[in-house]
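1. Build me a structure from this.
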Amino acid sequence: MLPRKLLRYIIDCTGLHQIGILTLTVTVFLIEVVPLELQRRIVNDAVKHRDFVLIITLCAVYAGISLAHGSIKLVLNTYRAWVAQCATRDLRKRVRRLQADVQAQPVIEERGIEVSMIVAEAEPIGMFVAEALSEPLLQGGILASVLAYMVHIDPVMSLIAIAIFLPQLLFVPLMQGAINRRTKRSISILRILSASLMDPSSSTAEHHKADNDRIDRVFSFNMGIFKLKYSMNFLMNLCTHFQIIAALLYGSHLVLTDQLQVGGVVAFISGVTRLTDPWGDLVNYFRDISLARVKYLLLADTANQIAERHSSNHSLA
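-> Okay, the predicted model is just below:
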C-alpha cells in the first residue's frame, strides 16, 4: 500500500538522502552572495584605487569561488537526479506488483490505468521527490541572502525594488491555481483514454469518436496551461526589467551626488538579476508541488483501490 500523503512517501523512500541533499543546498546558497561582493570591490578598486594587482587578486578569488560554487551545484544536481530515479523506479515497481500479486487478470480499465501509472505518471512524481525539501530551501535561501545584501548596499533602493516585485505575489498564485486545475482535469482524461485504448472493443466508430473528443479536450487544457504559464513568465520578466530601470535611475542619482560608489550600483543590478532565477524556480516549485500532490494522490488512491478490490475478490473466492 502507498501512503496517501506525498511527504510521508518522500520520508519513507528517501529520508536519509534528503539530509545529504539539504546539507549541499545550504552550502550552495551561502556562497551565492560572495560573487556580488567581489564584483562591487573589483569595480570600485578599478575606478577609485586603480590598483591592478589587487584587481587581479580579486578576480582570481572570484574564479575560485565560481569554480567551487559550480562544482557543489553539479554534485547537488547529480545527487538529486539519482534520488529522483530511485523514487521513480520504486513507484513503478510498486504499481507493477499490483498485477503480480493477484490471481486473475485485471479488468481492462485497471490495466489501462496501470499502464498509465507505470509509463507516464511515476516519472514526474519521482523527479519531484528528489527536490521536495531542498528546492524551497535553496531558492528561498538565495532570495533571502541576495535581498539582505541589497539592503546592505542601499535600503531605499532595495525598498523600491521590493515595491516593484510585490505585484507578483498577487498574480502568480492566481494564475498558478488556474494552471493546477487544468492539469488535474487533463490527467483524469488521459487516464480514461489509457483505459479506452486497452479495450479490445475500442476499434468501433463510437469509441473512436469518444477518444478523439478526449484528445481534443486534453489539447484545450494543455494549451490553456501554456498560455497561463507563458503569460506569467512575461509578467515576471517585466517586473524584473522595471526593477533594473529603477535601480539605474536611483543608483545613478546616488552616484552623481556622491552617496554611492559605482560598484554599489553594479552589484545591486547584478543582485536584481540574480533574484529572477530563484524566484522563477520557486514559482515553478510551488507549481510542481501542487501537480505532484495531485498526481501522487491519484496514483496512490487508484493503486490502493485496485489492491483492495483484488484482495476482497480473492477473499471471497
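
2. low pLDDT regions in the chain?
-> 1, 95-121, 197-203, 306-307, 309-317 (pLDDT under 70).

3. Can you give the distance of stretch 36-45 from its chain's centre?
-> How far stretch 36-45 lies from its chain's middle: 32 Å, per C-alpha atoms, centre = their mean, to the nearest Å.

4. Helices along the stretch 201-317 of the chain, start to end?
-> Along the stretch 201-317 of the chain, the segments classed as helices by DSSP state H, counting those that start in this stretch run 205-256, 262-316.

5. Distance to residue 81 and mean neighbour count for the ones you listed - can I get that in CSV?
-> C-beta coordinates here come from the backbone N, C-alpha and C atoms, glycine included. Formatted as CSV, the helices of the stretch 201-317 of the chain follow (distance: least, C-beta to C-beta, whole Å; neighbours: other C-beta atoms under 10 Å):
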stretch, distance to residue 81, mean neighbour count
helix 205-256, 23, 15
helix 262-316, 15, 18
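
6. Which one, of these, ends up nearest to residue 126?
-> helix 262-316 (9.5 Å; C-beta to C-beta).

7. Might one say that residue 28 is in contact with residue 70?
-> No: checked against C-beta atoms under 8 Å, the pair residue 28 and residue 70 is beyond contact range at 9.8 Å.

8. So which of those two has more stuff around it?
-> residue 28 (20 against 12; other C-beta atoms under 10 Å).

9. Let's verify the more buried one: helix, strand, or coil?
-> helix (DSSP: H, G, I helix; E, B strand; the rest coil).

10. Next, work out how far apart it and residue 239 are.
-> Plainly put, residue 28 is 25 Å away from residue 239 if you go by C-beta to C-beta, to the nearest Å.

11. cool, and residue 291?
-> For residue 291, the distance to residue 239 - C-beta to C-beta - is 24 Å.

12. Equivalent analysis for residue 80, please.
-> Residue 80 is 29 Å from residue 239, by C-beta to C-beta.

13. other SSEs contacting the helix or strand harbouring residue 156?
-> Here residue 156 sits within helix 155-165, counting by DSSP states H and E. Contact partners of helix 155-165 among helices and strands, from 3 or more C-beta pairs under 8 Å, 6 or more residues apart in numbering; DSSP states H and E: helix 134-153, helix 205-256, helix 262-316.

14. Can you lay out the ones you listed as CSV showing distance to residue 191?
-> Putting the helices and strands packed on helix 155-165 into CSV (distance: least, C-beta to C-beta, whole Å) gives the following:
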stretch, distance to residue 191
helix 134-153, 27
helix 205-256, 10
helix 262-316, 8
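
15. Residue 166: which of these is closest?
-> helix 205-256 (9.0 Å).

16. between the closest one and helix 155-165, how many degrees?
-> 160 degrees (axes from the mean of the first three to the mean of the last three C-alpha atoms, to 10 degrees).

17. Which elements pack onto helix 205-256?
-> helix 155-165, helix 168-197, helix 262-316.

18. Turn those into a markdown table, columns for distance to residue 24.
-> Formatted as a markdown table, the helices and strands packed on helix 205-256 follow (distance: least, C-beta to C-beta, whole Å):
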| stretch | distance to residue 24 |
| --- | --- |
| helix 155-165 | 28 |
| helix 168-197 | 28 |
| helix 262-316 | 16 |
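
19. Restrict stretch 5-19 to CA atoms and write it as PDB.
-> Output in PDB follows, covering the C-alpha atoms of stretch 5-19 (Å, rounded to 0.1, in the frame of the first residue of the first chain):
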ATOM      1  CA  LYS A   5       0.500  11.800   1.800                       C
ATOM      2  CA  LEU A   6       3.300  12.700  -0.600                       C
ATOM      3  CA  LEU A   7       5.500  13.900   2.300                       C
ATOM      4  CA  ARG A   8       5.100  10.600   4.100                       C
ATOM      5  CA  TYR A   9       6.200   8.800   0.900                       C
ATOM      6  CA  ILE A  10       9.200  11.100   0.500                       C
ATOM      7  CA  ILE A  11      10.400  10.500   4.000                       C
ATOM      8  CA  ASP A  12       9.900   6.700   3.800                       C
ATOM      9  CA  CYS A  13      11.600   6.400   0.400                       C
ATOM     10  CA  THR A  14      14.400   8.900   0.600                       C
ATOM     11  CA  GLY A  15      14.700  10.200   4.200                       C
ATOM     12  CA  LEU A  16      18.400   9.700   4.700                       C
ATOM     13  CA  HIS A  17      19.300  11.000   1.300                       C
ATOM     14  CA  GLN A  18      17.300  14.200   1.900                       C
ATOM     15  CA  ILE A  19      19.700  15.100   4.800                       C
END
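
20. measure the closest residue to residue 178 other than its chain neighbours to residue 180 for me?
-> Nearest residue to residue 178 in three dimensions, chain neighbours excluded: residue 228, at 5.5 Å (C-beta to C-beta, 6 or more residues apart in numbering). Relative to residue 180, residue 228 is positioned 10 Å away (C-beta to C-beta).
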